[in-house]
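In: could you work out the structure for the sequence below:
(chains A and B)
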Amino acid sequence: MKRLYYAPSAWICAAFLLLAVLGPLVIRTSPEAIDLAHMYELPSDQHWLGTADNGVDLASALAHGARLAAIISVSVVGISLTLGALLGALAGMRGGRFDAAVMALCDLLQAFPAVLLNIALLSVVARPSVEHVVLSLSVSGWVLYARLARAETLSLREREFVSAARALGATETRVLVLHLLPNLGGPLLVQATTNFGGVILMEATLSFLGLGPARAVSWGALLDQGSSVLLRFPHVALVSGFAIAAVVLGFNLAGDVVREALDPRLRGRR
Amino acid sequence: MSAGALRYLLYRTARAALTAFAVVSLVFVLIRAVPGDPVDAMLGEQAAPEDRAAVRHALHLDESLPSQYLRFLSDVADGSLGRSFRAPDTNVRTLIADAFPPTVQLAAWSLALAWALALPLGVLAAAKRGTMLDRIASVFALTGLALPTIWLGPLLVLVFAVKLRWLPLPGDDPTAAGALVLPAITIGLALAAGLTRQTRAAMVEVLSMPYVAAARARGVTGTRVFFQHALRNALLPVLTLGAAQLGALLSGAVIAEKIFERPGLGTLFLEGFFARDIPVVQGVVLLVGVIYVLVNVGLDFAYTLVDPRVRLS
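Out: Numbers count the residues shown, from 1 in each chain, chains lettered A, B, ... in the order given. You can find the predicted model right below:
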């Protein structure tokens, strides 16, 4: 815990979560309040970060965008982690055909650029909802966790405590739930921390391309809007792009911090 | 080419074709499994039922899934890849053939830029470990990895096209001189960052090997040890990463083509998406799957050129 306290990346992640949870409560201006007289204004007392298209308050849009990014990343990481850990651990424990099938599916999903896969998946929905985006991101998201869980399981299943449990007559489910999954926690946690950044970036990219959840305030959509008025009002693209970059970098670096916190051997190495 | 290598090539190609086929079939199924109706997206939700039925029939969407799949396979087999929903007179192959060259050009420049930056920088950083140069290389790598493509593009436009006016703006003639520079940097910088790290790490590892010390002890000159003994062996893992970056390259092309308003596969794909033009989306997916597979087979051969110990069999 102490290590997290001193890491700047942990502070960025905490600031992001605070903005997502408290931001929309503190900044009372609605991100949908249209004020055509004050479009694309620079920061002022009334609008801390200025305004965007239709005179929308940029600070408010940023806070609601953070909330959307948090909702989507928590859901996607949660679903992918659960599904991936279960399938990966089962594949590693059972081996044989099940293992081959799961790994073949992983290869297939990874063979394909993630952005393109998500566009293809979302291409049938008239107006993607938040649930559609979460579903689509999870379809490719679980693969990361499955590979990791499988690799860890392969080494864990040869260890004495697993053989001992087996020898005592523990069922497959019992070995999986009580002995394997708890020991997968560390590596999966590291992966999940970094993955938050990846999911947030993917959501922003999809929204930037115009495929994000319809009628939701997203950082990617703000950045897209800002890019189209870059010539005259660069502040919209600068602010929203900076938010994306900072949070993605924050979670990526936080992954390293978590790794070091869990594995004392890595400390001090750089 | 030996008989073994030939057999290996055939085996790999067959496996690769199967993978591409599986990817396409998966996308075919997934596209249809996602809740939503392309006819809704095309005509709007208020369209009259007769119109919907007519469109549905014209596009063969009223047929059963297996028969749609067979139709799709025959379109793939005859090379036409089906007809676009938006322009029934145009087949998807023509659309792709038009969109392919600009994207290949963009991808080639991005890759060239990435390798031209990353290889010397990574090698030099490894050679002068712990110096200022090494630190510059690692700051470069971190910056490149941290800047999202969707932000880097607009930033480059703002600085070099809007403020400095050195390079064309998005939407200007895509064939104009310098029009490729900013899109190529947008895609290439992130690739270069990853490659720089990998090259440095691989070189550092190889330089600590006993055979490098042995070569030095035999009196081989520094540069020769560096290039002939070390770099060649360090290239293997770097090549692997290069292949893994293909996905980033193609995703980057979609993003860069949007930011810089360039024609290409990404633009075709996005237009297909917004019009729910399923044959176009499927066609691009198939093409990307095939490219991916070809690059990976080609890479196996590149390995044998770099490292004679790697045998194809």
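
In: now the longest helix anywhere in chain A: mean pLDDT?
Out: When chain A is scanned for its longest helix (criterion: DSSP state H), the result is helix A:58-94. Averaged across helix A:58-94, pLDDT comes to 89.

In: one more: stretch B:162-173?
Out: 77.

In: ok, and for that stretch, which residues are buried?
Out: B:167-170 (16 or more other Cβ atoms under 10 Å in any protein chain shown). Bear in mind the C-beta positions are built from the backbone N, C-alpha and C, glycine included.

In: can I get that stretch in PDB, CA atoms only?
Out: Only the C-alpha atoms of stretch B:162-173 are listed here, as PDB (Å, rounded to 0.1, in the frame of the first residue of the first chain):
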ATOM      1  CA  VAL B 162      -2.100  24.900 -38.600                       C
ATOM      2  CA  LYS B 163       0.500  26.900 -36.700                       C
ATOM      3  CA  LEU B 164       3.700  26.300 -38.700                       C
ATOM      4  CA  ARG B 165       2.000  25.700 -42.100                       C
ATOM      5  CA  TRP B 166       4.800  23.400 -43.200                       C
ATOM      6  CA  LEU B 167       2.600  20.500 -44.300                       C
ATOM      7  CA  PRO B 168      -0.900  20.100 -45.900                       C
ATOM      8  CA  LEU B 169      -4.000  20.200 -43.800                       C
ATOM      9  CA  PRO B 170      -6.400  17.200 -43.500                       C
ATOM     10  CA  GLY B 171      -8.700  17.100 -46.500                       C
ATOM     11  CA  ASP B 172      -6.200  18.700 -48.900                       C
ATOM     12  CA  ASP B 173      -5.200  16.800 -52.000                       C
END
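
In: off-centre distance for it?
Out: 25 Å (Cα atoms, centre = their mean, to the nearest Å).

In: that older thread, as CSV, the buried residues of stretch B:162-173 with secondary structure would be great.
Out: Putting the buried residues of stretch B:162-173 into CSV (DSSP: H, G, I helix; E, B strand; the rest coil) gives the following:
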residue, secondary structure
B:Leu167, coil
B:Pro168, coil
B:Leu169, coil
B:Pro170, coil
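
In: near chain B at all, stretch A:245-261?
Out: Yes: residues of stretch A:245-261 are located near chain B by Cβ under 8 Å from any Cβ of the partner chain, namely A:245, A:248-249, A:252.

In: for the stretch 1-150 of chain A, which spans come out with low pLDDT?
Out: A:1-5, A:33, A:35-42, A:45-49, A:52-55, A:124-126 (pLDDT under 70).

In: near chain B, which residues of it?
Out: Close to chain B, as judged by Cβ under 8 Å from any Cβ, the stretch 1-150 of chain A has residues A:107-108, A:111-117, A:119-126, A:132, A:135-136, A:139.

In: can you tell me which of those are buried?
Out: Buried, going by 16+ other Cβ under 10 Å: A:108, A:111-117, A:119-125, A:132, A:135-136, A:139, out of the residues of the stretch 1-150 of chain A next to chain B.

In: A:Gly169 belongs to a helix, doesn't it?
Out: No: assessed with three-state DSSP, A:Gly169 is coil; it does not lie in a helix.

In: report how many residues lie close to residue 220.
Out: By default, I'm working from chain A. 29 (other Cβ atoms under 10 Å in any protein chain shown).

In: chain B is the one I meant
Out: 15.

In: what residue ranges in the stretch 101-250 of chain B score low on pLDDT?
Out: Those would be B:177, if you go by pLDDT under 70 across the stretch 101-250 of chain B.

In: how about the residues of it near chain A?
Out: Counting by Cβ under 8 Å from any Cβ, the residues of the stretch 101-250 of chain B that sit close to chain A are B:145-151, B:153-155, B:157-158, B:162, B:169, B:246-248, B:250.

In: which stretches of chain B form strands?
Out: Remark: strands of chain B are absent; assignment by DSSP state E.

In: in it, which spans are helices?
Out: With DSSP H as the criterion, chain B has helices spanning B:3-33, B:38-43, B:49-58, B:65-77, B:92-127, B:132-146, B:149-156, B:181-207, B:210-217, B:222-224, B:232-244, B:246-259, B:265-274, B:278-306.

In: rebuild those as a markdown table, extending it with mean neighbour count.
Out: Formatted as a markdown table, these follow (neighbours: other Cβ atoms under 10 Å in any protein chain shown):
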| stretch | mean neighbour count |
| --- | --- |
| helix B:3-33 | 15 |
| helix B:38-43 | 19 |
| helix B:49-58 | 12 |
| helix B:65-77 | 14 |
| helix B:92-127 | 19 |
| helix B:132-146 | 16 |
| helix B:149-156 | 25 |
| helix B:181-207 | 23 |
| helix B:210-217 | 13 |
| helix B:222-224 | 10 |
| helix B:232-244 | 18 |
| helix B:246-259 | 23 |
| helix B:265-274 | 23 |
| helix B:278-306 | 19 |
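
In: just put those in a markdown table and tack on distance to A:Arg232.
Out: Shown next, in a markdown table, are these (distance: least, Cβ to Cβ, whole Å):
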| stretch | distance to A:Arg232 |
| --- | --- |
| helix B:3-33 | 40 |
| helix B:38-43 | 33 |
| helix B:49-58 | 41 |
| helix B:65-77 | 46 |
| helix B:92-127 | 27 |
| helix B:132-146 | 28 |
| helix B:149-156 | 13 |
| helix B:181-207 | 19 |
| helix B:210-217 | 57 |
| helix B:222-224 | 53 |
| helix B:232-244 | 40 |
| helix B:246-259 | 17 |
| helix B:265-274 | 25 |
| helix B:278-306 | 34 |
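
In: so for A:Leu230, which of the ones you listed sits nearest?
Out: helix B:149-156 (5.8 Å; Cβ to Cβ).

In: give me the helices and strands touching that closest one, please.
Out: Packing partners of helix B:149-156 (3 or more Cβ pairs under 8 Å, 6 or more residues apart in numbering or on different chains; DSSP states H and E): helix A:181-208, helix A:219-228, helix A:235-262, helix B:181-207, helix B:246-259.

In: let's go with 10 Å and repeat that
Out: helix A:181-208, helix A:219-228, helix A:235-262, helix B:132-146, helix B:181-207, helix B:246-259 (3 or more Cβ pairs under 10 Å, 6 or more residues apart in numbering or on different chains; DSSP states H and E).

In: dump those to TSV, plus distance to B:Leu294.
Out: Converted to TSV, the helices and strands packed on helix B:149-156 look like this (distance: least, Cβ to Cβ, whole Å):
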stretch	distance to B:Leu294
helix A:181-208	26
helix A:219-228	32
helix A:235-262	32
helix B:132-146	27
helix B:181-207	19
helix B:246-259	10
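
In: those helices: which one's closest to B:Val39?
Out: Across these, B:Val39 has its closest neighbour in helix A:181-208 (23.4 Å, Cβ to Cβ).

In: and the closest one, how far from the chain's centre?
Out: That offset, for helix A:181-208, works out to 5 Å (Cα atoms, centre = their mean).

In: do stretch B:242-262 as well
Out: 6 Å.

In: can you check stretch A:171-184 too?
Out: Worked out by Cα atoms, centre = their mean, stretch A:171-184 lies 26 Å from the chain centre.

In: low-confidence stretches in the stretch 151-270 of chain A?
Out: Scanning the stretch 151-270 of chain A for pLDDT under 70 picks out A:264-270.

In: try it again with 90
Out: For the stretch 151-270 of chain A, applying pLDDT under 90 flags the ranges A:151-191, A:193-195, A:197-198, A:209-243, A:245-246, A:248-270.
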